[in-house]
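**Q** Show me the folded form of this:
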Amino acid sequence: PPGGVPPGSDPLPQLTAFIKQAKPVNVQTEALRHTARQQQAAQLASSFGRAQGEGGVLRVKGLLKGELPKAEFQPPADLLTQEQWDGLFEQVGQTNRLRVFEKVPTADALAQVKAGQVPTPGDIALLEKVFGPELAANLTEKGLSKGDKAWNLALEIWSLPRTAQTGPDISATLRQGSWFSTSHPKEIGAAFKAQFQSIVSEEATNAIDTALRTGPAADIRIRVGLYQAPLNGSLSAREEAVLSKLVGRLPGYRQSNRAYVTFLNKLRADTFDTIVQSWNDGGNVVTENDLNQLATYINRATGRGSLGPASKYGKELSTIFYSPRFTTSRFLIAQSMVSSSKLVRQQAWRDFALYAGPRVAALGLLAATGAASVELDPRSSDFGKLRVLNTRIDPWGGWQPVVRYMAQAVTGQRKTLETGKIVPTGLGGYDSLWTTLGRFVRSKFAPSTGVLGDIQAGRGKKLPPGAIGIDFVGKPVTLTDELKRLFGPL
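**A** Predicted coordinates for the structure are as follows:
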């Protein structure tokens with residue numbers, strides 16, 4: 001009914017819920033197409049009257065190019081009063097979350113939503129900046145065909161083992177959060193507290209999320225691209241460790257997933273705010289480029305690296321590999337250390353010194369006192385790890401494999417864990433390089449993909465009894481090994 005939302009109330013929640021429940025329609029599509037045909041007819045009549053010669057008449061047919069519009073879901077135009085729609089459009093015009101040139105396409109996208117049409121993914125992303133992730137997620141879902149929905153379901157099922165392995169736990173603190181663990185302990189502490197609040201209460205989770213998205217600096221963070229994962233977003237927008245929503249139905253996993261997202265969102269936002277405040281307090285002139293580069297740096301430092309041209313296949317890559325954005329972030333952090341922003345360069349080097357320095361000192365002290373052994377050969381899988389009896393502790397938060405595989409690629413050698421011997425990684429030269437690269441790629445496979453890779457690697461090979469494949473380090477694996485890989489804890 002017209003004015004379905006009471007005047008004076010916030011229309012966004014009702015609009016979001018309406019879109020989620022709206023059914024596909026045909027009547028509105030025919031009305032839109034009828035209007036479009038009338039407009040075309042008027043333009044054709046006018047143009048034919050002015051056309052001269054063969055070329056002029058034939059050029060008129062260009063007016064017929066393009067698809068006729070269609071409504072993809074029941075239009076919500078009558079859900080709100082015109083005054084309420086005006087308020088939403090004014091939000092677009094007045095917001096600081098968008099750059100000036102982004103406001104026109106965002107307003108056009110909102111007009112499409114009003115007419116029951118699904119905007120393009122890029123325009124949905126602009127709407128998300130203004131109105132939040134829930135509206136964007138519902139619009140994205142409305143734009144999916146049955147085939148798309150089936151594909152996304154298949155990807156979620158394929159991701160189940162990986163998501164199950166990463167929860168319930170709080171590994172983000174020492175993995176994605178490791179870079180800032182010693183340079184920004186206050187922010188780590190606040191994020192850690194928020195993480196536990198999210199485990200205990202969904203209401204607390206929503207309150208923290210709202211505060212991060214509406215606080216004093218929220219507009220700036222959103223505008224410059226600081227990543228804030230949605231609590232319930234589209235497949236490609238989620239944190240890599242919580243890609244499958246299906247596992248959220250299991251006890252403990254839903255709480256773990258929201259704690260994971262809350263920790264990283266809180267850490268990114270607080271670290272951004274603290275650094276910008278320190279720049280301002282130091283009397284620096286902070287430019288838009290500084291803010292953009294800082295957002296990119298923090299995204300990378302917390303495991304949200306760019307996939308470049310492959311970003312449009314992000315959800316597929318995040319299903320094939322364990323965490324492709326996290327992996328690229330470990331390499332791309334070097335770009336921030338030579339950033340075009342002097343302030344960001346200084347910040348990145350400061351954080352690096354505070355990250356590596358204490359760890360190197362602690363490793364050296366523990367090794368010197370005999371409290372633990374430390375492997376110093378970068379060709380070994382144990383490089384930089386503490387070893388106490390049969391327990392290995394990796395304090396490097398995902399950086400160690402990058403250094404190790406680079407050392408193996410350069411030398412063409414690796415150090416085995418079983419014997420401690422130095423062995424070649426291949427036949428020498430480029431073969432060793434490609435062998436090392438192949439092992440690195442396979443080591444990053446998600447569990448489901450890794451099992452297929454092991455089986456494929458064992459084809460045509462003489463395997464010991466019971467083995468069904470060969471893992472990425474060259475060891476035969478049994479069916480029991482693969483089941484542990486799929487469903488066992490990390």
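
**Q** separation between A457 and R439?
**A** 10 Å (CB to CB, to the nearest Å). Bear in mind the C-beta positions are built from the backbone N, C-alpha and C, glycine included.

**Q** Now list whatever residues contact both of the two.
**A** Listed as contacting both A457 and R439 by CB atoms under 8 Å, 6 or more residues apart in numbering are F472.

**Q** Verify the stated contact: Y322 with R162.
**A** Yes - assessed by CB atoms under 8 Å, Y322 is found in contact with R162 at 6.2 Å.

**Q** overlap in contacts of the two?
**A** Residues touching both Y322 and R162 by CB under 8 Å, 6+ apart: A446, P447.

**Q** Between the two, tell me which one has more neighbours.
**A** R162 (27 against 20; other CB atoms under 10 Å).

**Q** just to revisit the earlier point, more neighbours, A457 and R439?
**A** Using other CB under 10 Å, the more surrounded residue of A457 and R439 is R439, with 20 against 17.

**Q** Mind listing what's buried along the helix or strand hosting the more buried one?
**A** Using DSSP states H and E, R439 maps to helix 430-443. Residues S432, L433, T435, T436, R439, F440, R442, S443 are the ones in helix 430-443 that count as buried (16 or more other CB atoms under 10 Å).

**Q** Same list, the residues you listed, but as CSV with pLDDT and distance to P465 please.
**A** Shown next, in CSV, are those (pLDDT from 0 to 100; distance: CB to CB, whole Å):
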residue, pLDDT, distance to P465
S432, 74, 31
L433, 81, 34
T435, 84, 27
T436, 85, 30
R439, 87, 25
F440, 88, 30
R442, 89, 24
S443, 88, 26
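
**Q** just these now: which is nearest W158?
**A** Distance ranking of the buried residues of helix 430-443 against W158, using CB to CB, places R442 first at 17.0 Å.

**Q** Skipping its backbone neighbours, what lies nearest W434 in space?
**A** G426 (7.0 Å; CB to CB, 6 or more residues apart in numbering).

**Q** Would you mind measuring from that neighbour to A409?
**A** For G426, the distance to A409 - CB to CB - is 10 Å.

**Q** where do the contact lists of those two overlap?
**A** S432, L433, T436.

**Q** JSON lines for those, including distance to L452?
**A** JSON lines is the format used below for the shared contacts of G426 and A409 (distance: CB to CB, whole Å):
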{"residue": "S432", "distance to L452": "25"}
{"residue": "L433", "distance to L452": "24"}
{"residue": "T436", "distance to L452": "21"}
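
**Q** If we only consider those, which is nearest to G466?
**A** T436 (28.6 Å).

**Q** Hmm, the closest one is touching A407, no?
**A** No - at 9.4 Å, T436 does not count as touching A407 under the criterion of CB under 8 Å.

**Q** Might you report the residue contacts of A150?
**A** Going by CB under 8 Å, 6+ apart, A150 touches no other residue.

**Q** For S448, list the residues it contacts.
**A** With CB under 8 Å, 6+ apart, S448 has these contacts: W158, S159, P161, R162, L486.

**Q** and the gap between it and V344?
**A** 38 Å.

**Q** next one: E203
**A** Counting by CB to CB, the gap from E203 to V344 is 37 Å.

**Q** Beta-bridge partners for G469, please?
**A** Residues in a beta bridge with G469, per DSSP bridges, are V477.

**Q** shouldn't it be in contact with D454?
**A** Yes - with contact defined as CB under 8 Å, G469 reaches D454; the gap is 3.5 Å.

**Q** any low-confidence regions in the stretch 151-300 of the chain?
**A** Scanning the stretch 151-300 of the chain for pLDDT under 70 picks out the ranges 164, 166-169, 232-252.

**Q** can you pull out the helices in it?
**A** Here the stretch 151-300 of the chain has its helices, by DSSP state H, counting those that start in this stretch, at 185-200, 202-214, 218-224, 253-281, 288-301.

**Q** Tabulate the ones you listed in TSV, adding columns for distance to N390 and mean neighbour count.
**A** As requested, the helices of the stretch 151-300 of the chain are exported to TSV (distance: least, CB to CB, whole Å; neighbours: other CB atoms under 10 Å):
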stretch	distance to N390	mean neighbour count
helix 185-200	29	18
helix 202-214	38	16
helix 218-224	44	19
helix 253-281	28	21
helix 288-301	32	22
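
**Q** possible to save those helices as TSV with distance to G147?
**A** Below are the helices of the stretch 151-300 of the chain laid out as TSV (distance: least, CB to CB, whole Å):
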stretch	distance to G147
helix 185-200	35
helix 202-214	32
helix 218-224	32
helix 253-281	27
helix 288-301	32
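
**Q** Which of those sits closest to F73?
**A** Proximity to F73 (CB to CB) singles out helix 202-214 among the helices of the stretch 151-300 of the chain, at 25.4 Å.

**Q** so what's T425 up against?
**A** With CB under 8 Å, 6+ apart, T425 has these contacts: Q408, A409, G412, Q413, R414, S432, T435, T436, R439.
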